[in-house]
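Novice: fold the following.
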Amino acid sequence: SRILIARASSTLVSKLPRKKAATPLMEALNRASGQLNHVMTDVRNFIAGIESHVLEEADIGETLRAMVQAMCASNGTACRVTIEEVAVQELSTEQAYHAMHVMREALSNSVRHSGAGRITLSLKRLRRSVRLSVTDNGKGFIPDSARDVGHGLINMAARARKLGGRIEVRSRPRQGTKVLL
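Specialist: As a prediction, the model looks like this:
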């Protein structure tokens with residue numbers, strides 16, 4: 001969203017009547033946009049490397065911790081991660097891979113859209129299943145109204161079905177969001 005703001009600002013500045021006054025602003029905005037693009041590329045490459053590591057080593061606990069830390073750090077959001085080793089041991093490599101993608105989508109949505117100051121991720125073993133949850137204290141939304149906005153919720157639901165599980169999104173305006181797998 002910061003890149004979009006920089007690009008929108010560039011467009012507005014380029015329409016200013018005094019082009020000479022706009023030039024330094026345009027250069028600063030272009031630099032900021034470029035720096036944000038580099039940060040996003042670094043985070044994506046880091047995540048891609050983590051995904052390879054998961055497929056090779058199946059160390060989902062450390063992978064999830066590292067991914068959450070990287071994504072939250074890129075936005076300056078405080079994060080807390082709780083991962084039970086018994087829950088990790090319940091997951092096959094394929095389940096870990098799909099769970100990681102669900103977590104990444106939920107975390108990305110939270111970082112990009114919620115304005116949250118704090119995000120919590122947990123992976124816990126329940127009596128007959130494993131539960132992954134991503135919770136934020138952001139602005140929240142009405143889940144039914146967001147279904148047509150993008151493919152994120154649809155993709156998370158499809159991955160949950162592949163795992164034989166389900167996805168649940170709990171959110172209300174000004175009360176944060178919780179995604180459960």
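Novice: tell me which stretches of the chain form strands.
Specialist: Here the chain has its strands, by DSSP state E, at 78-83, 118-125, 130-136, 168-171, 177-180.
Novice: partners of the third one in the sheet?
Specialist: Strand 130-136 pairs in its sheet with strand 118-125 (antiparallel), strand 177-180 (antiparallel), by DSSP bridges.
Novice: please write out the alpha-carbon positions of the last one in PDB.
Specialist: Put plainly, it is strand 177-180. Only the C-alpha atoms of strand 177-180 are listed here, as PDB (Å, rounded to 0.1, in the frame of the first residue of the first chain):
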ATOM      1  CA  THR A 177      -9.300 -10.000  12.500                       C
ATOM      2  CA  LYS A 178      -8.700 -13.600  13.200                       C
ATOM      3  CA  VAL A 179      -8.000 -16.200  10.600                       C
ATOM      4  CA  LEU A 180      -8.200 -19.800  11.700                       C
END
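Novice: nearest to His101 among the strands of the chain would be which one?
Specialist: strand 130-136 (10.8 Å; C-beta to C-beta). (Each C-beta comes from the backbone N, C-alpha and C, glycine too.)
Novice: buried set for that closest one?
Specialist: Using 16 or more other C-beta atoms under 10 Å as the test for burial, strand 130-136 gives 130, 132-136.
Novice: deepest-packed of the strands paired with strand 130-136, please.
Specialist: strand 177-180 (a mean of 22; mean count of other C-beta atoms under 10 Å).
Novice: if we can go back for a sec, can you put the strands paired with strand 130-136 in TSV and add mean pLDDT and distance to Val102?
Specialist: TSV is the format used below for these (pLDDT from 0 to 100; distance: least, C-beta to C-beta, whole Å):
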stretch	mean pLDDT	distance to Val102
strand 118-125	94	11
strand 177-180	94	8
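Novice: so, low pLDDT: which residues of the chain?
Specialist: Applying pLDDT under 70 to the chain picks out residues 1-23, 26, 33-59, 145-151.
Novice: in JSON lines, list the strands of the chain along with distance to Ala28.
Specialist: Conversion of the strands of the chain to JSON lines gives the following (distance: least, C-beta to C-beta, whole Å):
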{"stretch": "strand 78-83", "distance to Ala28": "29"}
{"stretch": "strand 118-125", "distance to Ala28": "30"}
{"stretch": "strand 130-136", "distance to Ala28": "31"}
{"stretch": "strand 168-171", "distance to Ala28": "36"}
{"stretch": "strand 177-180", "distance to Ala28": "34"}
